[in-house]
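Trainee: Test case, fold it:
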Amino acid sequence: MGIGTLRTEAGVDIPGLEIAHQTWGEFTGDNAILVEHALTGDADAATWWSEVIGPGKALDTDHWFIICTNVLGGCSGSTGPSSPHPDGRPWGSRFPAISIRDQVHAEKMFLDHLGIEKLHAVIGGSLGGARTLEWAALYPEMVGAACVIAVSARASGWQIGIQTAQIQSIVGDPFWQNGDYYATGKRPDAGLAAARKLAHLTYRGELEIDERFGATAQQGENPLGPFRRDDQRFAVNSYLEYQGRKLVDRFDAGSYVALTEALNRHDIGRGRGGLNKALAAIEVPTMVVGVGTDILYPYHQQEHLSRNLGNLLGMAKINSPVGHDAFLTEARQMEHILRNFLNLTN
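Mentor: Numbers count the residues shown, from 1 in each chain. As a prediction, the model looks like this:
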């Protein structure tokens, strides 16, 4: 859907903005729920969160009107680096750096075009959690309640460091070409795969990775030979290479850089008097959800949110060895948490 021109927080115009979306259920005027996807997600929330979205499930599409957009900067229909610029060529290096606030402003423009003036709730995890938190800060008059999952009030130094290392893996690929690789027939696939391998280790728990792979060799290979060889791997290395290939097949490196940089810029307190003052000013009833084994967004960061939010609806902890991704994989726990959240909002 074309929604016009967005001016970014840093002062750059993005004309001809497109926001892709999917919806489930019937809109009755007061039953809209916006679901926010994570970094490499898309608008098809009923697929990547199939255990909680659908008839009779926590996000019951017989009752709720579920909306999910593809985030600004993404590569699944919304405007991003791979999208056509108004001049017909891909945006590439001309696509500006964007913030979480820019992404939320774009979604607000999109909802205005749909004629939706009120959201019963906004729900999201990770990058989607950062957008959910910004929704509560930017548009409290529109948001009935928020469920903020597996994210912090701002990017920590550790998060910025690990995320920038991923960006550098991509921009250091010889096929990156300053982001203008789209018409060359060559993509920075090796850089994107390397970034994904590094990121995946932060998405999964140390316990889960060790229980699954430990120090075992990949079948038919010997990583303990007299010389190190790329084709003689530990099992975990084979697994990470597989994860890298999977992402390369479905995602754009330019979008990965743009969205990761947006996470680096996440700071709910910027321009609002600091973190605690900004959180205290949020009057939208907010549930905070964390994962006990999360390496990327440790649980103490959700505890900080819960202590300082102006209107805490509740807090929940997902118990799982999986780590950060548990909000996507622990279906039974998320089903219970989301049902409780919606019960508290009614």
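
Trainee: Give me the distance between the spatially most central residue of the chain and Val143.
Mentor: For the chain, the residue nearest the mean C-alpha position is Ala38 (2.1 Å; C-alpha atoms, centre = their mean). Separation of Ala38 from Val143 (C-beta to C-beta, to the nearest Å): 20 Å. C-beta: built from backbone N, CA, C; applies to glycine.

Trainee: hang on, the earlier thing: ok, the residue nearest to the centre of the chain to Ala150 distance?
Mentor: With C-beta to C-beta as the criterion, Ala38 and Ala150 are 9 Å apart.

Trainee: quick one: common contacting residues for those two?
Mentor: Shared contacts of Ala38 and Ala150, defined by C-beta atoms under 8 Å, 6 or more residues apart in numbering, are found at Gly125, Ser126.

Trainee: Thought Ser78 was touching Trp91, still the case?
Mentor: No - using C-beta atoms under 8 Å, Trp91 makes no contact with Ser78, being 11.8 Å away.

Trainee: quick one: the helices in this structure?
Mentor: Along the chain, the stretches classed as helices by DSSP state H are 45-48, 100-114, 127-138, 157-171, 189-203, 206-213, 235-250, 253-264, 275-280, 299-308, 326-329, 331-345.

Trainee: Redo these as TSV? Include mean pLDDT and distance to Leu224.
Mentor: Below are the helices of the chain laid out as TSV (pLDDT from 0 to 100; distance: least, C-beta to C-beta, whole Å):
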stretch	mean pLDDT	distance to Leu224
helix 45-48	98	38
helix 100-114	97	45
helix 127-138	98	39
helix 157-171	98	27
helix 189-203	98	21
helix 206-213	94	15
helix 235-250	97	13
helix 253-264	98	34
helix 275-280	98	48
helix 299-308	98	37
helix 326-329	97	32
helix 331-345	97	39
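
Trainee: Comparing these, which comes out most buried?
Mentor: helix 127-138 (a mean of 26; mean count of other C-beta atoms under 10 Å).

Trainee: Now do that one: distance to the chain's middle.
Mentor: 11 Å (C-alpha atoms, centre = their mean, to the nearest Å).

Trainee: re earlier: right, and the helices of the chain - which one's nearest Pro223?
Mentor: Closest to Pro223 of those is helix 235-250 (C-beta to C-beta; 7.9 Å).

Trainee: next one: the closest one to chain centre, how far?
Mentor: 19 Å.

Trainee: Offset the numbering so it begins at 565, please.
Mentor: With 565 as the first residue, the last one maps to helix 799-814.

Trainee: Helix 753-767 and that one, what's the angle between them?
Mentor: 120 degrees (axes from the mean of the first three to the mean of the last three C-alpha atoms, to 10 degrees).

Trainee: got the angle for helix 799-814 vs helix 770-777?
Mentor: Going by the same axes, to 10 degrees, helix 799-814 makes 100 degrees with helix 770-777.

Trainee: Contacts for helix 799-814 next, please.
Mentor: Contacting residues not belonging to helix 799-814 are listed as 604, 751, 753, 756-758, 760-761, 764-765, 773, 776-778, 780-783, 787, 797 [C-beta under 8 Å, 6+ apart].

Trainee: let's see 10 Å
Mentor: Helix 799-814 is contacted from outside by 604, 606, 639-640, 751-765, 767-768, 773-774, 776-783, 785, 787, 794, 797-798, 817, 820, using C-beta atoms under 10 Å, 6 or more residues apart in numbering.

Trainee: For Thr592, which of the helices of the chain is the nearest?
Mentor: Going by C-beta to C-beta, the one of the helices of the chain nearest Thr592 is helix 664-678, 13.9 Å.

Trainee: For that closest one, name the packing helices and strands.
Mentor: With contacts defined as 3 or more C-beta pairs under 10 Å, 6 or more residues apart in numbering; DSSP states H and E, the packing partners of helix 664-678 are strand 566-571, strand 577-582, strand 585-588, strand 596-600, strand 629-633, helix 691-702, helix 817-828.

Trainee: from the chain's centre, how far out does that helix sit?
Mentor: From the chain centre to the centre of helix 664-678 is a distance of 16 Å (C-alpha atoms, centre = their mean).

Trainee: any idea of the angle that helix forms with strand 596-600?
Mentor: Between helix 664-678 and strand 596-600, the angle comes out at 150 degrees (the same axes, to 10 degrees).

Trainee: and of the helices of the chain, who's closest to Thr850?
Mentor: Nearest to Thr850, of all those, is helix 691-702, at 6.0 Å by C-beta to C-beta.
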